[in-house]
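A.B. asks: Everything below, folded, please.
(one chain, ligands or ions: 2)
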Amino acid sequence: MLLGVVADDFTGASDIANTLAKGLAGQGGLKTAQFLNVPSLKAPADIEAGVVALKSRSIAAADAVAQSLAALRWLQDQGCRQIVFKYCSTFDSTPDGNIGPVAEALAAALDQKSVVVCPAFPGAGRTIYQGHLFVHDRLLSESGLEKHPLNPMTDPDIRRWLARQAKHPVGLVAWPSVRQGPERIAAELQQAVQRGQRLVIVDAITDDDLVAIGRAAATALLLTGGSGIALGLPGNFIAAGLAKGARPQVAGMSGPEAVLAGSCSGATRGQIEHHRRRHPVLAIDVDKVMRGASGANDIVTFVLANAGKAPLVYSSGAPEDVKALQDRYGREKVAHRLDRLFADAAQGLVAKGIRRLVIAGGETSGAVVSALDLGALTVGPEIDPGVPVLVAEGKSPIALALKSGNFGASDFFAKALARLAGA
Ligand SMILES: Nc1ncnc2c1ncn2[C@@H]1O[C@H](COP(=O)(O)OP(=O)(O)O)[C@@H](O)[C@H]1O
Ligand SMILES: O=C(O)[C@@H](O)C(=O)COP(=O)(O)O
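C.D. replies: Ligands and ions are numbered 1, 2, ... in the order given. Okay, the predicted model is just below:
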């Protein structure tokens, strides 16, 4: 394995796996697999990039550091020459969150003195200018992300936000330098070392900026960012003759299907409304679930009764409903109970023969996929930006799409089910 990624959630992992597998147009990418938590076995010999998906985004910094270092050790054991720490393109974390501690711990373990921090993903509307993160034409803190159920992003100044999490001073390579190309970016990263700045935000507003950053960091042992930071990396390995420039290919999977949505993002709620017009949909009564009056069996019964019609089950609610539930039961308790609900439902569904599963939401995907004990996932073609087809081989093979809450077009769910079937 050439390149290893430590990803802080499961949708984010499949997002960067997609970027690596796809590569740049006309160039090809790396043969990529996604692993669920730190595997106990060796990776298959033909894999060029391995993404370890952790569910560490919203956990305490010390636990996230320990899990990320374990993932690093496994990736190093597989021969990786370069490591990427992948977090959300909207920098989802709290002021005492773990992006800073994990990035600094990985930097220390790899003896890296200045490390790129670049959550930009222009293809999904996330850009960074003068250290400030935008979602399309809005500052992060006015984009809806300020109401995220677990990590409300109330400050668009990533330098300031990261400084609250990090031990060392945080630096900035601003866009006027980035646009001058790889040499200038590399020189500024070097200057940051003199200033004692370990983590350095690097502006990026276009894919070309990300490719230039990738070139500047071609020999860096560690980079950090959203999936965009990986855009230029396959090309570095292909240019060095170390990788062939593979194209993602997997066979589709026929069989019964289900969509499970736990994301409360505006995009996902819009996709649910779109799906509702043509397909059967079940809204989970979260209050009933919290009182123990409804559970996974209700979901399994609904899906099986609607097999073949693209049934969708969701907990997703509007910000005021989410807040009311969190005020009544506690934020962590609701999240934990819903994780358990979706995990139990997914186990029940797969036991009853479901073979195509689309999941919306990073935490939700982590809960579901961890419960299914799937081993390595092969990364196939892209469904919508940032969301690939994933296939788990094994005795009960299954095709999956793990959709970040914010990603996908309005018709995503039906389209994803068709793509999982090979359309
Ligand atoms: N109706 C609801 N009320 C409160 N919390 C909810 C509700 N539905 C889902 N959640 C929680 O919101 C969080 C959504 O996070 P996640 O699945 O990562 O989605 P996203 O990809 O949008 O971040 C999960 O922890 C989930 O359990
Ligand atoms: O970088 C991104 O935006 C995604 O890859 C991602 O991490 C999504 O996380 P969720 O919104 O929690 O699904």
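
A.B. asks: Close to ligand 1: what parts of this structure are there?
C.D. replies: 11, 149-150, 262-265, 286, 315-317, 321-322, 325-326, 334-335, 338-339, 361-364, 404-405 (C-beta under 6 Å from any ligand atom). Any C-beta I mention is one placed from the backbone N, CA and C, and that applies to glycine too.

A.B. asks: Tell me the first helix or strand C-terminal of the longest helix seen in the chain.
C.D. replies: Taking DSSP state H as the criterion, the chain has its longest helix at helix 331-351. Using DSSP states H and E, the helix or strand that follows helix 331-351 towards the C-terminus is strand 356-360.

A.B. asks: Taking their axis directions, the next helix or strand after that next one and strand 356-360 sit at what angle?
C.D. replies: Next helix or strand after strand 356-360 toward the C-terminus (DSSP H and E): helix 362-372. On the basis of axes from the mean of the first three to the mean of the last three C-alpha atoms, to 10 degrees, helix 362-372 is oriented at 150 degrees to strand 356-360.

A.B. asks: so helix 362-372 versus helix 331-351, what angle?
C.D. replies: Using the same axes, to 10 degrees: helix 362-372 against helix 331-351 is 50 degrees.

A.B. asks: For the longest helix of the chain, buried residues please.
C.D. replies: Using 16 or more other C-beta atoms under 10 Å as the test for burial, helix 331-351 gives 334-335, 337-339, 341-350.

A.B. asks: try stretch 389-405
C.D. replies: In stretch 389-405, residues buried by neighbour count (16+ other C-beta under 10 Å) are 389-392, 398-405.

A.B. asks: Please state the offset of the lengthiest strand in the chain from the chain centre?
C.D. replies: Secondary structure of the chain per DSSP state E: the longest strand is strand 377-384. From the chain centre to the centre of strand 377-384 is a distance of 13 Å (C-alpha atoms, centre = their mean, to the nearest Å).

A.B. asks: neighbouring contacts of that strand?
C.D. replies: Strand 377-384 is touched from outside by 14, 17-18, 20-22, 32-36, 248-250, 388-393, 400-401, 403, 407-409, 412, 415-416, 419, with contacts defined as C-beta atoms under 8 Å, 6 or more residues apart in numbering.

A.B. asks: Just the buried residues out of those residues, in PyMOL syntax.
C.D. replies: Applying 16+ other C-beta under 10 Å to these, the buried members can be selected in PyMOL as follows:
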select buried, resi 14+17+18+20+21+22+32+33+34+35+36+248+250+388+389+390+391+392+400+401+403+407+408+412+415+416+419
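
A.B. asks: For residue 100, see how far away the nearest residue to residue 81 once chain neighbours are set aside is.
C.D. replies: Spatial nearest neighbour of residue 81, chain neighbours left out: residue 2 (5.8 Å); criterion: C-beta to C-beta, 6 or more residues apart in numbering. To residue 100, residue 2 is 27 Å away according to C-beta to C-beta, to the nearest Å.

A.B. asks: Looking at the two, which is more packed in?
C.D. replies: Neighbours per residue (other C-beta atoms under 10 Å) separate residue 2 from residue 100, with residue 100 holding more: 24 against 21.

A.B. asks: wait, isn't that one in contact with residue 199?
C.D. replies: Yes. Proximity of residue 100 to residue 199 meets the contact threshold set by C-beta atoms under 8 Å, at 6.8 Å.

A.B. asks: what touches both of these two?
C.D. replies: With contacts defined as C-beta under 8 Å, 6+ apart, the residues shared by residue 100 and residue 199 are 162, 166.

A.B. asks: report the angle between the axes of the longest strand of the chain and helix 362-372?
C.D. replies: 150 degrees.

A.B. asks: Give the pairing partners of whichever helix or strand comes after strand 377-384; include direction for each.
C.D. replies: Using DSSP H and E, the helix or strand that follows strand 377-384 in sequence is strand 387-392. Its sheet considered, strand 387-392 pairs with strand 377-384 (antiparallel), strand 398-403 (antiparallel) by DSSP bridges.

A.B. asks: mean confidence for the longest one?
C.D. replies: Mean pLDDT, computed over strand 377-384, is 92.

A.B. asks: just the shortest one next, same as before
C.D. replies: Confidence over strand 398-403, taken as the mean pLDDT, stands at 96.

A.B. asks: what do you get for stretch 282-297?
C.D. replies: Mean per-residue pLDDT for stretch 282-297: 97.

A.B. asks: can I get the CA coordinates of it in PDB?
C.D. replies: The C-alpha trace of stretch 282-297 is given here as PDB (Å, rounded to 0.1, in the frame of the first residue of the first chain):
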ATOM      1  CA  LEU A 282     -41.400   5.700   7.200                       C
ATOM      2  CA  ALA A 283     -40.700   8.600   9.700                       C
ATOM      3  CA  ILE A 284     -39.300   7.300  13.000                       C
ATOM      4  CA  ASP A 285     -41.100   8.700  16.000                       C
ATOM      5  CA  VAL A 286     -37.900   9.500  18.000                       C
ATOM      6  CA  ASP A 287     -39.800  10.400  21.200                       C
ATOM      7  CA  LYS A 288     -41.400   7.000  21.100                       C
ATOM      8  CA  VAL A 289     -38.000   5.300  20.500                       C
ATOM      9  CA  MET A 290     -36.600   7.200  23.500                       C
ATOM     10  CA  ARG A 291     -39.500   5.900  25.600                       C
ATOM     11  CA  GLY A 292     -38.900   2.400  24.400                       C
ATOM     12  CA  ALA A 293     -42.300   2.200  22.700                       C
ATOM     13  CA  SER A 294     -40.800   1.700  19.200                       C
ATOM     14  CA  GLY A 295     -37.700  -0.100  18.000                       C
ATOM     15  CA  ALA A 296     -35.800  -1.800  15.200                       C
ATOM     16  CA  ASN A 297     -38.500  -4.400  14.500                       C
END
